[in-house]
Every structure is written in C-alpha cells, then in structure tokens.
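Student: just coords:
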C-alpha cells in the first residue's frame, strides 16, 4: 500500500513534468493548434523524450532526504548538490531552475542555514516549493494539524518562505493526505473548505493572504471555464490549475494532459497535477508507455522503494 502510494506520487510528478518540458512557455492558443496527446521530445529545451525538469529533481531530492530521516539540513544539502553536482538530474545537466530557488541555493552554498535561505517578500511566490513538496505527505500524514503546518512551512521556506507559498504547499499536502485516506476528490475539496479557513484564522494569518485562495477555500473552482484558469508560474495559479484539472477529469492521463495543454508553465502545472492524480488513481493508471519512457525510471522506482520502507508501518 505505502509502496504503491510512493510510486504513484513520484512517477505521477515525473510523468506530468516530462509531458510538459518540451512545450514549456508555449501559449494556450499555440497548444490548441497542436495539443500534447503523448510524450514528446526536444522542443523548448531540446531534451530527449521522457526528460523531467527541476520539478522532479527537487522532488526526488526531498524524497531521498526523507528516506534517510527528516532533516532540513540534508534536504538543503541535496538541493545544493543538485545544482552544483548534478545530483538527481535526468541526464547529468541542470537545464531549468527558478530564480528564487537559485537564490536560496546560493545562500546555502555560502553557509546560510536552510531555515533562513528562502525568499520572504511577496515577489518570492513562484511555484518552486509547491512543485517539489509532495513527498512530505508521507512524513506528516500521521501528525496533528499544527505540526503538519509547521513542518510544511519549514520545507517550503528552504526556497520560498513567504506565507502565501506555505499556505499553497499546506493545502496541496492536505489534499494529498486525504487522498491517502481513501477519500474522493470532491469530498476532499469540500472538507478543506470547511476546515482550513478556521485553522488559518487561528494562526492569525492576514486576511489579504487568505483572500488569494478564495477560489479554493470558498468557491466552486470546478465550475470555472478554462478561460478563467491561469497556468503561470505564480504559486496560487499553479495550485488552482492543478485542483481544477483534478476536479474536471476522471483519470491520470486526462488530468495531466489537461494541465499541459493549459500552456505557459506546462511542466510544473502538470507535475503538480500529476502528483495528486497519481495518488488518486494509483500507479497502475499512469500509462505504462509514459512510465517506460522516463529518464532514470529504475532509479525513480528504487527511490520509491526506499521512501516506502521508511514510512511502512
């Protein structure tokens, strides 16, 4: 059970990521003319079929650290090694990295603790912590809500310390946690609307920050037309798009293809969507040919086994 969930999460992220890499930055209109329906190669970064980006690399770094034992210093070290030593890269090369993540890695490389390396201003709210946070659900799932939030805050803050990024990561992990409990997506969406606003209020989070999440915390996002769903690199847009894709499809394949074809930040939107869709539908629902095409497939499988071994109870 835990192994299937770990495989579903890691491959769910990586397959979505790899689907989006060749078309990153293409507009929705361009993709409407030539939609992604299968794995492609080359394109934006001129990478072979099945190549995943920094989204998956940093997800794998987090998973690797968790498999050893929760340690912010170890997570931070693996992030630094990814950028400087090509650790957990698909082909021994870093070809995509976000500005906030790069700045945080620079600070950690200079000896600053990962507790203080992430950006804290409102401009540091790209989707760079959300895209890699999913493995943390296996560490926090059995903890109380306050502890879940604090651990999420710490891991997000390695690169993205602003409360908005932390809230986005926490919402996403709460969604994932309830999937692991066997709940279905609309039930989860409604439960989070009932529970999270009161919890966030208890933390004295500013109302203007919670207002950024209005469509998730009090709206009916699944009723919105595609034209009103943004797929930029802004963390709230990325989270909204992933939940919208999850709530308006019925399979892993349909969810990630819908995410990719929204355009713009295609790899990250699909990686974030793919993580939840992988957990929701299970590893067996991820198309086999997509899994087989992934760079370092066997290494990802071995990592899932290590992570599962850590959290198997």
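Tutor: Yes, it's here. Since this is a predicted model, take the numbers as computed values, not measurements.

Student: where does the protein dip in pLDDT?
Tutor: Scanning the chain for pLDDT under 70 picks out 313.

Student: Need the residue closest to the centroid of it.
Tutor: Note on the chain: the residue nearest the mean C-alpha position is residue 131, at 2.8 Å, using CA atoms, centre = their mean.

Student: Tell me how many other residues crowd the closest residue to that residue other than its chain neighbours.
Tutor: Computed as CB to CB, 6 or more residues apart in numbering, the closest residue to residue 131 that is not its neighbour in sequence is residue 55, at 4.3 Å. (Each C-beta comes from the backbone N, C-alpha and C, glycine too.) The number of residues packed near residue 55 is 31, by other CB atoms under 10 Å.

Student: now swap in the one 3 residues further on and tell me
Tutor: Residue 58: 27 surrounding residues under other CB under 10 Å.

Student: residues contacting it?
Tutor: By CB atoms under 8 Å, 6 or more residues apart in numbering, the contact list for residue 58 reads 79, 82, 88, 101, 128, 131-132.

Student: Let me have these in TSV, extended by distance to residue 260 and secondary structure.
Tutor: As requested, the contacts of residue 58 are arranged in TSV below (distance: CB to CB, whole Å; DSSP: H, G, I helix; E, B strand; the rest coil):
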residue	distance to residue 260	secondary structure
79	26	helix
82	24	helix
88	22	coil
101	22	helix
128	19	coil
131	14	helix
132	18	helix
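
Student: Tell me which two of these sit farthest apart.
Tutor: Farthest pair in the contacts of residue 58 (CB to CB) is 88 and 128. Separation: 15.5 Å.

Student: higher neighbour count, these two?
Tutor: residue 128 (30 against 24).

Student: From residue 37, how far off is that one?
Tutor: Counting by CB to CB, to the nearest Å, the gap from residue 128 to residue 37 is 28 Å.

Student: Would you mind measuring from the residue nearest to residue 131 to residue 310?
Tutor: From residue 55 to residue 310 the distance is 22 Å (CB to CB).

Student: go on, residue 140?
Tutor: For residue 140 relative to residue 310 (CB to CB), the value is 13 Å.
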